[in-house]
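> here is my input, please return the structure:
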Amino acid sequence: MSTPHPVDIHVGRRLRLKRTFLGLSQDTVGKKIGVTFQQIQKYERGINRMGASRLYDFAKAMGVQVSYFFEGFGDYVNEDADGIGMAEPNAQAFENDNMNNRETLEVMRAYYKIKNPALRKRVVELIKAMSAEDK
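Numbers count the residues shown, from 1 in each chain. Below is the predicted model of the structure:
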């Protein structure tokens with residue numbers, strides 16, 4: 001088995017991020033585009049590469065532009081990589097990406113369910129105060 005390409009890993013992580021943020025299961029997304037939840041797992045881990053039509057299907061199912069899946073990829077590329085298109089992502093940047101943390105996604109999803117802007121602002125202020133106390 002070959003190692004997944006860094007782009008496939010990134011696209012898969014973006015897929016998982018959006019799916020989790022929307023509160024969709026792998027099974028639900030799979031049914032929307034006509035694949036099994038096991039296939040969704042493989043896409044999310046970057047094991048299986050997505051073709052252009054499949055990427056389009058995911059974008060349509062999740063209400064995003066195809067470009068969404070590539071956003072931030074350049075942020076992980078090593079500056080000293082040789083050759084165009086041959087840059088490898090910085091593995092440490094991927095590991096430290098808190099946006100891929102399930103707890104972070106759950107907090108974000110709950111936050112955006114709050115309709116009252118004043119209440120959302122108070123939630124942010126509370127979180128900031130709590131994190132300042134933890135230092």
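> what is the least confident helix or strand in the protein?
helix 91-95 (a mean of 46; mean pLDDT, DSSP states H and E).
> residue 47: what's it in contact with?
Going by Cβ atoms under 8 Å, 6 or more residues apart in numbering, residue 47 touches 4, 8. All C-beta spots, glycine's among them, are computed from the backbone N, C-alpha and C.
> mind giving me the domain split of the chain?
Under the assignment automatic domain parsing, the domains of the chain span 6-100, 102-135.
> those: lowest mean pLDDT?
Set side by side, the domains of the chain give their lowest mean pLDDT on domain 6-100, at a mean of 81.
> so how far is it from its chain's centroid?
With Cα atoms, centre = their mean, to the nearest Å as the basis, domain 6-100 stands 6 Å off its chain's centre.
> what do you get for stretch 113-126?
The answer for stretch 113-126 is 24 Å, by Cα atoms, centre = their mean.
> quick one on the thing from earlier: which one of the domains of the chain is the most hemmed in?
Mean neighbour count, computed with mean count of other Cβ atoms under 10 Å, is highest for domain 6-100 among the domains of the chain, reaching a mean of 15.
> and the helices in the chain?
Assignment of helices within the chain using DSSP state H yields the ranges 6-22, 26-33, 37-45, 52-62, 91-95, 102-113, 117-133.
> of all these, which lies closest to residue 71?
Evaluated with Cβ to Cβ, the helices of the chain place helix 6-22 nearest to residue 71, the distance being 7.0 Å.
> show me what the closest one is packed up against.
Applying 3 or more Cβ pairs under 8 Å, 6 or more residues apart in numbering; DSSP states H and E, one finds that helix 6-22 makes contact with helix 37-45, helix 52-62, helix 102-113.
> let's see that with 10 Å instead.
Using 3 or more Cβ pairs under 10 Å, 6 or more residues apart in numbering; DSSP states H and E, the elements in contact with helix 6-22 are helix 26-33, helix 37-45, helix 52-62, helix 91-95, helix 102-113.
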